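Novice: I would like to see how this sequence folds:
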Amino acid sequence: MEFDIVALSRLQFAMTALYHFLFVPLTLGLSVLLAIMETVYVMTGRIIWRQMTKFWGTLFGINFVLGVATGIVMEFQFGMNWSYYSHYVGDIFGAPLAIEGLMAFFLEATFVGLFFFGWDRMSKVGHLAATWAVALGSNLSALWILIANGWMQNPVGSAFNVQTMRMEVTSFYDVLFNPVAQAKFVHTVSAGYVTASVFVLGVSAWYMLKGRHLDLARRSMTVAASFGLASALSVVVLGDESGYLDTEHQKMKLAAIEAMWETEPAPAAFTVFGIPDQEARETHFAVRIPWVMGLIGTRSLTTPIPGIEELVGHAKTRIAQGILAYDALQAMRAAGTAPVAEPVRQAFEENGRMLGYALLLKRYVDDPRKASPAQIEKAAWDTVPQVLPMFWSFRIMVGLGFYFIALTATFFVLSARRMLDRYRVLLRLAVLSIPLPWIAAELGWFVAEFGRQPWIIEGVLPTAAAVSDLGAGTVLGTIAGFALIYTVLFLIEMGLMLRAISKGPAPDTEPEAGLTTPRLAPAE
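Specialist: Model prediction:
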């Protein structure tokens, strides 16, 4: 039953997180595109750019509201479904979330209001500053969330406190400048820029196919193609950096992504195609390119990448060390306020970093010190995520990344040659490509989070030890409730977006001098 609660709690959080992330990338990307478009309006004074900013701003606003609503639900789940996690690492994880709420979210929300209601009440430069503040606030929100998530992937700047039985911050600087968090931030934000660019490109292509709003569509496609091409190239480069960091901090995740069962001589080959078989511990029909994985993963020709079998062996050693740490911890707790024997203290200092590995045994035995060799073997193999979905999710994501480069580059060239309306088949392709960035983004989060299992905090706290003490019926009920509510919200979102797109941009004129709302003449 305990394992069922873990699976159900993971399912609920995965469902709400993946749904929430449908809105995040479009918010990140559209906020910057709006700022770019309004900057052109302020510099040129041409009304078409103001009209473009207002139109795409309407779609941004619809998306923003749904993103805020679904994001709040996720934060409540930490206390409801993951109470021990919140207790164990609240001092660390809670700080970035609090800063995100106080600094980034309120900055973003405040200036969103000025963006929508300040057009005829603010100067051009003042309104432009508010629009850029919306973009800054959106990106700061992503920064603090990804700092928190990056710490879960690479828990630096923290230590376990024996007295409080909790993880505590030892260096907020290390938490803030965690290389994993910084790489995730720039990679995620760039993916959001690609999402918005392909969205604008696709909607504009639809207008061109219909022969509607051609001036807006051409200019929007030019901006989206240019911005999208730069962003798509950034996603690939920054994704390579994330893979390199996995080699240092999450070796098992990288081995699962590559279905690398055995450690290969350096430089390792990259498996383009294959069908991983976790039971047989081999990859059928594998097609490999020599040297490529070694160059990507280690940036050298001499450094090997450890395979799954070798990493499981390391996990066994760490579990043994974790048992020693667990035994010392129990002795220290039993001593209470009395002095702790030096051998006990030394044992914990030497092995305390592996305490989390002992907690992996809690799935099989109440007291890790009583675990049998067979149970230790099972716990060690639990550190291997499901390889098949990891393997193919990563490859589909990467394939889509290169597709976005080709798509945006094509329309960038067409825009430069003023031939955007020349090839209708390419316009149709742009329309059909609208959902693809979301697929790539969701797969990226799947690889990042599913690949971390069985850890909720890498090497520190197993997912199975972090859940709240809830009944299966309670969690199932909330899953059903969220599924119903989110389905309704999705239908509302799609209805509003499609209605706004179908209606198109509203006519717009330059505001009168004084930038005040004209008063109606009194009725005669």
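
Novice: Send over the helix or strand where residue 92 lies as CSV, restricted to the C-alpha atoms.
Specialist: Counting by DSSP states H and E, the element that carries residue 92 is helix 83-99. The C-alpha trace of helix 83-99 is given here as CSV (Å, rounded to 0.1, in the frame of the first residue of the first chain):
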residue,chain,number,x,y,z
SER,A,83,4.9,16.6,3.6
TYR,A,84,8.1,14.8,4.7
TYR,A,85,9.9,16.2,1.7
SER,A,86,8.7,19.7,2.8
HIS,A,87,9.9,19.0,6.4
TYR,A,88,13.2,17.5,5.4
VAL,A,89,14.4,20.2,2.9
GLY,A,90,12.0,23.1,3.5
ASP,A,91,14.8,25.4,4.7
ILE,A,92,16.5,25.1,1.4
PHE,A,93,13.7,24.5,-1.2
GLY,A,94,11.4,27.0,0.4
ALA,A,95,13.7,30.0,0.0
PRO,A,96,13.8,30.1,-3.9
LEU,A,97,10.0,29.6,-3.9
ALA,A,98,9.5,32.4,-1.5
ILE,A,99,11.8,34.7,-3.5
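
Novice: could you give the mean pLDDT of that helix?
Specialist: Computed over helix 83-99, the mean pLDDT rounds to 88.

Novice: list the helices and strands it packs on?
Specialist: helix 47-80, helix 124-153, strand 166-169, helix 172-176, strand 455-457, strand 461-462 (3 or more C-beta pairs under 8 Å, 6 or more residues apart in numbering; DSSP states H and E). Using the backbone N, CA and C atoms, a C-beta is placed for each residue, glycine as well.

Novice: most packed of the ones you listed?
Specialist: Sort the helices and strands packed on helix 83-99 by mean neighbour count, taking mean count of other C-beta atoms under 10 Å, and strand 455-457 sits at the top with a mean of 25.

Novice: Quick check: neighbours of that strand in the sheet, parallel or antiparallel?
Specialist: In the sheet containing strand 455-457, its partner strands are strand 461-462 (antiparallel), by DSSP bridges.

Novice: what does the strand it pairs with rub up against?
Specialist: 85, 88-89, 356, 359-360, 362-363, 454-456 (C-beta atoms under 8 Å, 6 or more residues apart in numbering).

Novice: next one: stretch 317-336
Specialist: For stretch 317-336, using C-beta under 8 Å, 6+ apart, the contacting residues are 162, 340-341, 344-345, 347-348, 350-361, 368-369, 371, 376, 379-380, 459.

Novice: which of those residues are buried?
Specialist: 340, 344-345, 347-348, 351-361, 368, 371, 376, 379-380, 459 (16 or more other C-beta atoms under 10 Å).

Novice: Tell me which of those fall in helices.
Specialist: Judged by DSSP state H, the buried ones among the contacts of stretch 317-336 include 344-345, 347-348, 351, 355-359, 376, 379-380 as members of helices.

Novice: mind showing which ranges of the stretch 101-250 of the chain have poor pLDDT?
Specialist: When residues are selected by pLDDT under 70, those of the stretch 101-250 of the chain lie in 104, 244, 246.

Novice: ok, now with 80
Specialist: 101-109, 238-248 (pLDDT under 80).

Novice: Please, where are all the helices along it?
Specialist: Using DSSP state H, counting those that start in this stretch, the helices of the stretch 101-250 of the chain run over 106-117, 124-153, 172-176, 179-210, 214-249.

Novice: and residue 190, what is it in contact with?
Specialist: Neighbours of residue 190 in contact, by C-beta under 8 Å, 6+ apart: 231, 234-235, 238.

Novice: how about the helices and strands packed on helix 83-99 in CSV, adding distance to residue 272?
Specialist: What follows is the helices and strands packed on helix 83-99, written out as CSV (distance: least, C-beta to C-beta, whole Å):
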stretch, distance to residue 272
helix 47-80, 36
helix 124-153, 26
strand 166-169, 40
helix 172-176, 37
strand 455-457, 29
strand 461-462, 33
